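# One predicted model, sequence on top.
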Amino acid sequence: MNPGLRHTRSTCCYCGTGCGVIIHSAGNRIVGVEGDPEHPANFGKLCTKGNTLHLAAVQTGRATVPMLRESRDAPRKPATWDHALATAAERFAAIIHEHGPDAVGFYISGQLLTEDYYVFNKLARALVGTNNIDSNSRLCMSSAVAAYKATLGSDAVPCSYEDIDLADLILIAGANPAFAHPIVYRRIEAARAANPDLKLIVVDPRRTDTAADADLHLAITPGSDVLLYSAMLHVLLWEGMIDDNFIAEHTTGFADLRKQLAELTPGTVAPVCGVKADDIVTAARWFGQAKAPLSFWCQGLNQSTHGTANGAALIHLHLATGTIGKPGMGPFSLTGQPNAMGGREAGAMANLLPGHRNLLDAADRAELAALWGIPALPERPGKTAVEMFDAVRDGSIKAIWIACTNPAQSLPDLARVREALQTAEFVVVQDAWADTETAAFADLLLPAATWGEKDGTVTNSERRISRVRAAVPPPGEARADWRIARDFALALSARLTEPRHPGESRDPGKAPEASIPASTGMTAETLFPFTTPAEVYAEHVATTLGRDLDIGGLSHAALDRLGPQQWPFPAGAKTGEARLFIDHRFAFDDGKARFIPVATGLTAESPDARHPFRLVTGRLRDQWHGMSRTGRVPRLYAHEPEPAVRLHPADMARRGWREGTLMNLRSRRGEIVLPLAASDDVRPGQAFVAMHWGRRTLAHDGVNALTLPAFDPVSKQPELKHAAVRIEPADLPWRLAILRSPGGGLGADEQVQRWRAALEPLLAGLETGAYAALTLDGRDRPFVALRVATREPLDDERIERIAVALALSESASLNYRDSARHITKRAIVENGRLTGILLAGEDAGIGWLRAALRDGIAIDELRRWIFAPRATPPTATATPRRVVCNCFDVSAAAIEAEVRQGKALPEIQEKLKCGTSCGSCLTEVRRLIAASGATPYSATARAASSPTSG
Ligand code: SF4
């Protein structure tokens with residue numbers, strides 16, 4: 001062990017799996033990360049994203065000092081914290097005085113820590129007096145919350161990860177854990193390896209890596225989830241596989257639902273769902289025959305205009321069979337973000353209050369007001385995510401505070417969101433990164449600490465609370481999020497209580513809830529007395545006492561001593577609860593769970609003659625959300641080097657479309673351009689686009705330019721998953737391609753980030769309808785890659801400016817120029833290796849050159865090509881090398897070569913090592929083998945191949 005290294009236990013900041021990590025740091029730098037072998041969520045394993053957390057801890061792009069613009073058209077300039085917060089407080093106070101507390105809003109994040117959530121929540125409700133506080137968790141799991149509350153009576157995930165080991169049937173619905181929750185999926189793989197009888201059913205419109213592994217894949221028509229689960233319940237009922245005693249003793253509402261189910265037979269729903277009736281029957285029988293069925297779901301069910309009904313219909317299967325509250329079984333919602341669950345506990349969403357209290361419940365409001373020592377909480381419902389930005393757009397919310405989230409990339413119908421942010425009188429963005437899509441709109445940009453620099457807690461999908469610890473100090477003047485919220489509260493309080501002008505007394509009727517009445521004896525200092533996150537946590541704990549999530553036995557010190565713990569964990573407890581509802585008493589007054597009527601609509605928007613394709617959105621394996629963190633790690637692009645729209649080969653053949661062609665995608669809300677890729681993982685008539693790519697990568701907003709803002713009436717979660725689109729080839733004949741590497745060695749990563757940052761303004765300045773992809777690649781020798789396609793050529797001066805910014809100027813390069821054809825080729829060779837390429841006018845050789853830069857090529861070959869007037873590049877393909885195994889840098893081509901030689905998985909792994917470390921690539925390796933007609937996934941092969949099976 002290196003004596004200069006410090007080791008700090010913390011938690012991964014990506015998905016809701018909540019893996020424990022050990023951060024390696026030296027001085028003020030994070031230099032490595034490993035899985036925490038003692039953390040019960042992952043037992044030392046990490047996926048590709050978690051394994052590279054330290055590589056995302058770069059400094060380029062960080063917000064390090066407050067940046068303020070005095071007017072909308074002025075540039076932002078550095079400001080002191082005191083001036084920045086005083087200005088923000090002035091602007092917020094003026095708006096609150098003039099228009100009331102609901103004229104401001106707070107939009108926060110599932111990536112904040114519970115302590116951050118808590119202080120923001122108190123700031124909004126107790127000090128400002130508004131319920132306009134919502135979280136980006138609204139976009140990922142509010143439908144699951146609503147479904148749990150409607151059926152079980154409380155927002156309580158009844159299961160634990162250990163149930164995976166005990167289940168004999170796993171149903172994964174609208175989730176792709178092989179990509180989005182990889183360590184959960186490793187555990188599922190291990191359970192299948194240990195128990196060959198364990199069946200896996202996957203419900204997903206696409207054949208994802210998870211679906212490809214399933215014993216039964218139901219590739220349903222998007223939005224037909226309720227019909228499917230209702231038909232399964234119909235079969236359970238018809239074939240006598242329901243638990244009549246459980247239904248009678250522990251539930252209500254079944255008789256009414258039964259009437260609705262009468263019509264929903266497999267035969268009637270199968271044509272709508274797009275699957276065989278027999279498969280629905282099989283799924284129902286497997287579920288009904290299982291002793292311990294476990295169901296996972298995620299965004300595929302949640303991001304729907306009937307997301308609450310989707311979740312409820314799935315939960316109904318467990319209530320009807322009495323398979324809940326016992327080992328190995330139950331409905332298990334996977335949370336997307338690392339602390340979406342913590343936000344639910346802290347009540348930091350418009351319709352919630354701390355401690356699982358409800359805003360609309362007067363007793364809950366009174367109880368919380370008493371705890372906080374204020375007379376009352378505001379009653380008016382707050383705006384949820386989509387509503388909040390609509391209110392900003394229509395001017396009813398005039399100032400918005402956005403913390404640790406990127407709504408200009410992640411909300412649906414981004415044209416509306418951009419309009420809202422341009423309309424707002426005052427936009428505060430509090431973020432670790434200064435270059436997000438949203439930061440561009442900030443009047444005040446406040447630098448926040450981020451992963452590796454923060455102290456607090458998060459709660460994962462299985463209700464497990466883990467400590468997050470700082471390994472290094474934040475850069476510059478960045479502060480912890482909870483502290484920024486506290487400091488702003490203190491600054492705002494002073495302005496809310498002071499007269500606005502000398503000699504003016506405050507009109508007490510103007511904004512009655514926007515201050516702390518003197519009669520309470522409370523001041524901002526007593527309302528926000530926190531000096532450490534542990535103190536914030538202690539107050540959060542007090543809001544949970546006596547409630548379903550009682551964590552009276554926990555504190556930062558207790559978590560440090562005991563390790564991660566599941567809630568509830570009341571005072572005196574020795575351990576948390578692995579399962580809820582074990583006595584089958586549910587959280588309604590009568591103790592009975594509810595079957596609820598479920599709407600059976602499909603998607604909010606269906607394909608038609610003008611928009612004939614069904615767009616489905618989803619995730620990539622190695623990227624996270626809007627890529628503000630993973631997008632800084634060159635090797636995380638290797639699996640999917642560029643954005644694409646994926647269509648079924650039959651759709652392409654019918655229209656004569658070829659892979660790599662740039663396509664224009666139009667919905668009723670916007671249009672984007674992406675290269676075309678063939679994939680039989682989507683059905684004919686469907687199109688798939690990943691949700692990650694935004695304006696930092698593309699010349700447009702990415703897929704959320706197309707998605708629609710319609711939302712579930714109960715959960716208010718928008719339908720980000722589906723839209724109807726028109727797809728046609730784009731006419732963009734002029735091409736520019738740039739590759740630039742600083743070579744390897746110290747500082748290479750930061751240099752690549754700087755070059756990338758230098759290229760970003762180019763994206764914003766391209767003609768409407770242009771295509772651009774600004775990405776990274778490489779491992780030991782990272783590089784930046786830019787591809788541009790436009791109708792008109794960029795002028796020479798502009799190209800030269802770009803070249804100079806990347807040290808690719810004419811004087812420093814090998815050059816070829818064909819003035820007649822307006823073609824420029826330029827290459828830089830340093831220390832015998834290609835390190836830079838610029839192609840203007842045509843980019844035919846870019847795929848070969850990308851490989852050349854990454855892997856090294858004979859310089860003579862390159863020289864011949866550069867100086868030959870009409871040379872054909874050795875490989876004309878524009879497709880970059882695709883890496884399947886990121887741990888050992890193994891490409892798809894290398895695996896396919898082994899498969900062609902007839903090698904089986906163990907032999908391939910023996911030679912290439914793919915899938916033997918984090919295991920994230922295993923599903924894809926199996927698919928490549930299966931594509932050859934071999935059997936990749938026998939029980940023996942499972943046991944041999946899984947990195948978790950040892
Ligand atoms: Fe992080 Fe991967 Fe674990 Fe999710 S599964 S918490 S991304 S290491």
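Sure thing, it's come through.

# Buried residues, stretch 249-265. List them.
Buried residues in stretch 249-265, counted by 16 or more other C-beta atoms under 10 Å: 250-254, 257-258, 261, 264-265. Backbone N, C-alpha and C define where each C-beta goes, glycine included.

# Would you map the helices across the stretch 751-900 of the chain?
796-805, 846-855, 859-867, 892-900 (DSSP state H, counting those that start in this stretch).

# name the helices or strands packed onto the second one?
Just to be clear, that refers to helix 846-855. strand 734-740, strand 783-790, strand 833-840 (3 or more C-beta pairs under 8 Å, 6 or more residues apart in numbering; DSSP states H and E).

# so which residue of this protein comes closest to the ligand?
residue 50 (2.4 Å; C-beta to the nearest ligand atom).

# Residue 21 is in contact with that residue, correct?
Yes - contact criterion C-beta atoms under 8 Å: residue 50 and residue 21 qualify, at 6.5 Å.

# which neighbours do the two share?
Any residue near both residue 50 and residue 21 by C-beta atoms under 8 Å, 6 or more residues apart in numbering counts here, and that gives 12, 33, 35.

# Near the ligand, list only the ones from these.
residue 12 (C-beta under 6 Å from any ligand atom).

# Looking at the shared contacts of residue 50 and residue 21, state which has the most neighbours.
residue 12 (29 neighbours; other C-beta atoms under 10 Å).

# can you count the residues close to the residue nearest to residue 44 when sequence neighbours are not counted?
Nearest residue to residue 44, sequence neighbours excluded (C-beta to C-beta, 6 or more residues apart in numbering): residue 37, at 3.6 Å. Residue 37 has 11 neighbouring residues, counting by other C-beta under 10 Å.

# right, and out of the shared contacts of residue 50 and residue 21, which lies closest to residue 476?
Closest to residue 476 out of the shared contacts of residue 50 and residue 21 is residue 33 (22.7 Å), distances taken as C-beta to C-beta.

# Tell me how far the closest one lies from residue 564.
17 Å (C-beta to C-beta, to the nearest Å).

# try residue 11
8 Å.

# the more surrounded of those two?
residue 11 (31 against 24).

# Verify the stated contact: that one with residue 19.
Yes - between residue 11 and residue 19 a contact is recorded at 7.0 Å, counting by C-beta under 8 Å.

# related to what we said a few turns ago, export the shared contacts of residue 50 and residue 21 to TSV and append columns for secondary structure and distance to residue 587.
Below are the shared contacts of residue 50 and residue 21 laid out as TSV (DSSP: H, G, I helix; E, B strand; the rest coil; distance: C-beta to C-beta, whole Å):
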residue	secondary structure	distance to residue 587
12	coil	30
33	strand	39
35	strand	35
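
# From the centroid of the protein, which residue is nearest?
The centroid of the chain falls nearest to residue 625 when counting by C-alpha atoms, centre = their mean (3.5 Å).

# any weak-confidence spans in the stretch 751-900 of the chain?
For the stretch 751-900 of the chain, the stretches with pLDDT under 70 are 856-861, 864-881.

# nope, the chain is what I meant
Using pLDDT under 70, the chain drops low at 1, 3, 498-521, 856-861, 864-881, 933-950.

# in it, which helix has the most residues?
helix 81-99 (DSSP state H).
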